[in-house]
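> Sharing a model that was predicted from the sequence below.
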Amino acid sequence: MNIVFVSAEVAPFSKAGGLADVAGSLPQALAPYMDSVQVLTPLYGQIDQKKYDIQSTTISGQVLLGVDIIPYTLYQATAPDQTTQIGFISCERFFGRDGIYTESDGEGFADNNLRYFFFQLVVLDLISSGTISTDFLHCNDHHTGLLPLMMKAKQLKVKTIFTIHNFLYHGHFSEEEISLLPESTEAQLTKTQWDNYSALLEGIDHSDIVTTVSPGYALELLEGLNVDEHSLIRIQAVKSKFSGIVNGIDTKYWSPSSDEYTPFHFSKDDLLGKRKNKEALLTKVGLSPDLDAPLLGSISRLVENKGFPLINDLLDEFVELGAKFIFLGSGSPEISDQLRKASERHPQHIAFDDGFNEPLAHLIEAGSDMFLMPSRFEPCGLNQLYSLRYGTIPIVHRTGGLGDTVEPWTTDSGTGFVFEPYDVNELRKAMKLALEVYQSRTVWLTLMRRAMSMDFSWDQSAKQYLQLYNL
Ligand code: ADP
């Protein structure tokens with residue numbers, strides 16, 4: 001069996017969020033069970049070709065985008081663990097610039113629809129020409145949502161799987177933009193209630209199998225939570241081919257005992273390194289090195305649905321209670337402004353790093369006591385999984401994947417602090433409980449060790465995907 005995995009971002013080459021982590025690690029987890037696993041992704045200008053030994057190939061071609069004939073070249077590299085091939089689609093016009101989806105000010109590129117139409121047309125060209133032969137095509141999110149229909153329209157005998165990593169992003173396109181797609185697809189597109197089209201919903205309609213990244217989120221979507229009426233009808237129509245599989249994590253890259261970005265290594269049997277990382281983290285971000293004060297970390301895209309309105313309401317109050325906070329993230333200017341102001345009000349207690357910073361993300365996981373993730377909704381969430389592995393106790397809203405992966409603390413069970421409903425008072429209670437439990441060193445140590453014993457490797461989830469492919 002051969003499989004091609006298609007994603008707009010793939011770690012470690014290009015990353016904006018959790019999709020990259022999954023596209024970087026799930027194919028590797030599948031590799032032992034497959035004859036070949038190939039990943040296809042754009043060659044963005046910001047990707048360090050030297051570092052990853054990305055080489056050009058003799059494979060090239062051209063696709064028709066409306067009236068434009070646009071050439072592409074395929075580049076290739078081997079994944080860091082050598083198990084999978086990564087094919088990079090190069091096209092200066094669409095991918096040569098800096099940034100994956102957005103300008104440096106966070107504004108989406110005006111031609112994003114064109115860019116990902118082109119990307120999908122190239123994938124279609126590579127498969128329909130026989131340059132790449134595959135039994136399965138695993139598409140991810142709206143950037144690849146039109147491929148199942150394109151494959152069907154060409155009558156290619158390839159089974160398609162479509163995974164929803166976040167239902168919030170649809171990749172809407174207009175009536176006029178349909179002319180950029182192969183003519184054979186036009187009759188089968190369905191208009192949304194906003195008089196446009198959704199690449200995400202097209203992926204759901206036309207793929208053979210639809211998954212999302214946790215059973216909890218699958219249920220929420222089927223029940224219509226945060227889903228508009230029109231989309232709900234389309235989701236419910238595919239109920240029989242729809243399921244949720246929780247994401248795994250790359251346990252080598254996110255490992256407290258060998259993390260390349262942290263100065264001290266540790267394990268559940270030897271936690272000294274965690275305390276030393278806390279000191280290193282406090283020093284690095286300019287907070288006073290008070291090792292006994294509870295330190296809450298946050299690494300996140302700065303968007304409202306990650307729970308920042310609730311956090312913002314509680315910061316001053318918890319600083320009064322002696323807590324310290326470190327925030328890493330970029331996105332909404334309004335949220336970054338709030339965090340910056342909070343850090344200016346409490347320079348010894350709140351630090352904010354505005355940007356994308358992989359090494360600091362690892363140090364925050366390794367050095368914090370707790371991880372703050374009160375998302376309003378969360379398809380799966382990866383940082384709570386990294387946090388559990390690093391003994392950094394998550395404080396989460398019970399929603400989607402957060403509810404599936406963090407068990408509420410009780411005196412003799414649980415791995416984190418879980419609240420519902422999504423409300424500032426409930427978050428306040430959860431944070432207060434966390435601070436109270438933190439005061440008892442022995443209880444906290446037991447909690448940390450329990451969290452660190454959880455297994456979120458890809459093994460189980462990869463097997464569930466294999467079962468679906470075999471249908
Ligand atoms: P989402 O996909 O909604 O952004 P996830 O929790 O699934 O949320 O995944 C986010 C991924 O992106 C995690 O690996 C997280 O560490 C990473 N990340 C998010 N923001 C930053 C940042 N500013 N710097 C470094 N890593 C980040």
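Structure's in. What do you need?
> and the gap between the closest residue to the ligand within the chain and residue 111?
In the chain, the residue that lies nearest the ligand is residue 18 (2.3 Å; CB to the nearest ligand atom). Where C-beta positions appear, they are placed from N, C-alpha and C, glycine not excepted. For residue 18, the distance to residue 111 (CB to CB, to the nearest Å) stands at 25 Å.
> Of these two, which one has the most company?
Each of residue 18 and residue 111 has its neighbours counted (other CB atoms under 10 Å); residue 18 has more, 23 against 12.
> Is it correct that the more buried one is in contact with residue 141?
No - contact criterion CB atoms under 8 Å: residue 18 and residue 141 do not qualify, at 10.4 Å.
> ok, which stretches of the stretch 51-200 of the chain are strands?
If DSSP state E, counting those that start in this stretch is used as the criterion, the strands of the stretch 51-200 of the chain fall at 55-65, 68-78, 85-90, 136-140, 159-164, 172-173, 197-198.
> And residue 445, which helix or strand is it part of?
helix 441-452 (DSSP states H and E).
> which helices and strands does the next helix or strand after that helix pack with?
For helix 441-452, the following helix or strand on the C-terminal side (DSSP H and E) is helix 459-469. On a contact count with 3 or more CB pairs under 8 Å, 6 or more residues apart in numbering; DSSP states H and E, helix 459-469 meets helix 18-30, strand 159-164, strand 209-212.
> if you set the cut-off to 7 Å instead, what comes out?
Here helix 459-469 is seen to pack against helix 18-30 when contacts are counted using 3 or more CB pairs under 7 Å, 6 or more residues apart in numbering; DSSP states H and E.
> Now do the helix it packs on and helix 459-469, the angle between them.
If you take axes from the mean of the first three to the mean of the last three CA atoms, to 10 degrees, helix 18-30 sits at 80 degrees to helix 459-469.
> name the helices or strands packed onto helix 18-30?
Applying 3+ CB pairs under 7 Å, 6+ apart, one finds that helix 18-30 contacts strand 2-6, strand 36-42, helix 459-469.
> quick one on the thing from earlier: including distance to the ligand, mean pLDDT and mean neighbour count, could the strands of the stretch 51-200 of the chain go into TSV?
Below are the strands of the stretch 51-200 of the chain laid out as TSV (distance: least, CB to the nearest ligand atom, whole Å; pLDDT from 0 to 100; neighbours: other CB atoms under 10 Å):
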stretch	distance to the ligand	mean pLDDT	mean neighbour count
strand 55-65	27	98	14
strand 68-78	21	97	16
strand 85-90	18	98	22
strand 136-140	11	98	26
strand 159-164	12	98	24
strand 172-173	19	98	20
strand 197-198	19	98	24
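> Show me which residues of the stretch 101-250 of the chain sit near the ligand.
Proximity of the stretch 101-250 of the chain to the ligand, by CB under 6 Å from any ligand atom, involves residues residue 166.
> try it again with 8 Å
Proximity of the stretch 101-250 of the chain to the ligand is confined to 165-166, 213, 247 under the rule CB under 8 Å from any ligand atom.
> neighbour-wise, which of these leads?
Result: residue 213 is most packed of those (other CB under 10 Å), 28 neighbours.
> May I ask you to confirm that that one is in contact with residue 379?
Yes - between residue 213 and residue 379 a contact is recorded at 4.9 Å, counting by CB atoms under 7 Å.
> which residues are in contact with both of these two?
Shared contacts of residue 213 and residue 379 (CB atoms under 7 Å, 6 or more residues apart in numbering): 165, 401.
> how about the strands of the stretch 51-200 of the chain in a markdown table, adding distance to residue 227?
Formatted as a markdown table, these follow (distance: least, CB to CB, whole Å):
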| stretch | distance to residue 227 |
| --- | --- |
| strand 55-65 | 31 |
| strand 68-78 | 35 |
| strand 85-90 | 32 |
| strand 136-140 | 19 |
| strand 159-164 | 11 |
| strand 172-173 | 15 |
| strand 197-198 | 12 |
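> mind checking which of the ones you listed is nearest residue 398?
Closest of these to residue 398 is strand 159-164, at 20.2 Å (criterion: CB to CB).
> Give me the contacts around stretch 222-239.
With contacts defined as CB under 7 Å, 6+ apart, stretch 222-239 is touched by 167, 192-193, 201, 204-205, 210, 221, 242, 377.
> For stretch 292-303, which outside residues touch it?
Here stretch 292-303 makes contact (CB under 7 Å, 6+ apart) with 17, 278, 306, 308, 322-332, 335-336, 361, 364, 368-372, 383, 392, 435, 438.
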